Each structure stands twice: as structure tokens, then as C-alpha cells.
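Chemist: The sequence and its predicted three-dimensional model are supplied below.
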Amino acid sequence: MRQFDVFENPILRARRAYPFVVVLQSDRAETGHDRIVAPLVPRARLSGTVGRLTPHVKVSGVDHVVLVPGMTAVAATDLRDVRDELTSHRDNIIAALGYLFLGV
């Protein structure tokens, strides 16, 4: 599993609203049993999501929003089949993390 890989949301109760999660945790920090992920929500379900904390991405050809403030830890074993990857959106996702944690 690599940073910015996209998986089906392993949290069944949340999957309808947030069908995917993206791995935010660096490949170099693969320690323990958990991985830090952020939920992805289809952009059509949200309004007013333009901002530094909510980068817009495409997953399987559909516009989604990365909800960086909603990040959480999930068991790495629950992240099974890679559905997509967001490496091309790296700069925007890293900028959102920097803004969230450092205010820059």
C-alpha cells in the first residue's frame, strides 16, 4: 500500500456517504497496524467545498472531495483492493495537510 492509494471505505456504516478513502500516511511511516486515511465524498453531494482543506480529485472518473479534516485511522488489513491513486493530486493534498496542521 502506498501513500495516495484509494480504497473502498472499510467502515461499512460510512460507505454510502463516503465511498472511498485515500491513504495520507507516508510509505516510510508504515508502522503498526493502522493507516491514516481521509474520506472521499462525491462532489455532487456537497456544495461550497472549494478551499484549501478540501482538495478536489477524480476517482474512477468521478469528481470527489478529499475531506482532510475528517481523517482517521483504519486497520491496514481492512484496506484491500486499490481502486485508484491520487499521486497527481499530491501537491494539493499536502497543502491541505500543511494548512490543517501548520496554518501555512
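Modeler: Okay, I see it.

Chemist: Please count neighbours and contacts with C-alpha atoms only from this point.
Modeler: Noted.

Chemist: so where's this structure shaky on pLDDT?
Modeler: 49-50 (pLDDT under 70).

Chemist: Regarding it, what is its longest strand?
Modeler: If you go by DSSP state E, the chain has its longest strand at strand 34-42.

Chemist: and the next element down the chain from that one?
Modeler: Downstream of strand 34-42, the first helix or strand assigned by DSSP states H and E is strand 56-59.

Chemist: Need the contact partners of that next one.
Modeler: Strand 56-59 is contacted by residues 43, 50, 63-66, 84-86, 89 when judged by CA atoms under 8 Å, 6 or more residues apart in numbering.

Chemist: Now, these that are in strands?
Modeler: Counting by DSSP E, the contacts of strand 56-59 place 63-66, 84-85 in strands.

Chemist: how about a markdown table for those, with neighbour count and distance to F101 added?
Modeler: Output for these, formatted as a markdown table (neighbours: other CA atoms under 10 Å; distance: CA to CA, whole Å):
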| residue | neighbour count | distance to F101 |
| --- | --- | --- |
| D63 | 14 | 25 |
| H64 | 24 | 22 |
| V65 | 24 | 19 |
| V66 | 28 | 16 |
| D84 | 17 | 26 |
| E85 | 18 | 23 |
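
Chemist: and which of the residues you listed is nearest G32?
Modeler: E85 (22.4 Å; CA to CA).

Chemist: For A44, see how far away the closest one is.
Modeler: For E85, the distance to A44 equals 20 Å [CA to CA, to the nearest Å].

Chemist: what residues are up against T31?
Modeler: Counting by CA under 8 Å, 6+ apart, T31 has no contacts.

Chemist: Secondary structure of it: a strand, I assume?
Modeler: No: assigned with DSSP: H, G, I helix; E, B strand; the rest coil, T31 falls outside any strand and is coil.
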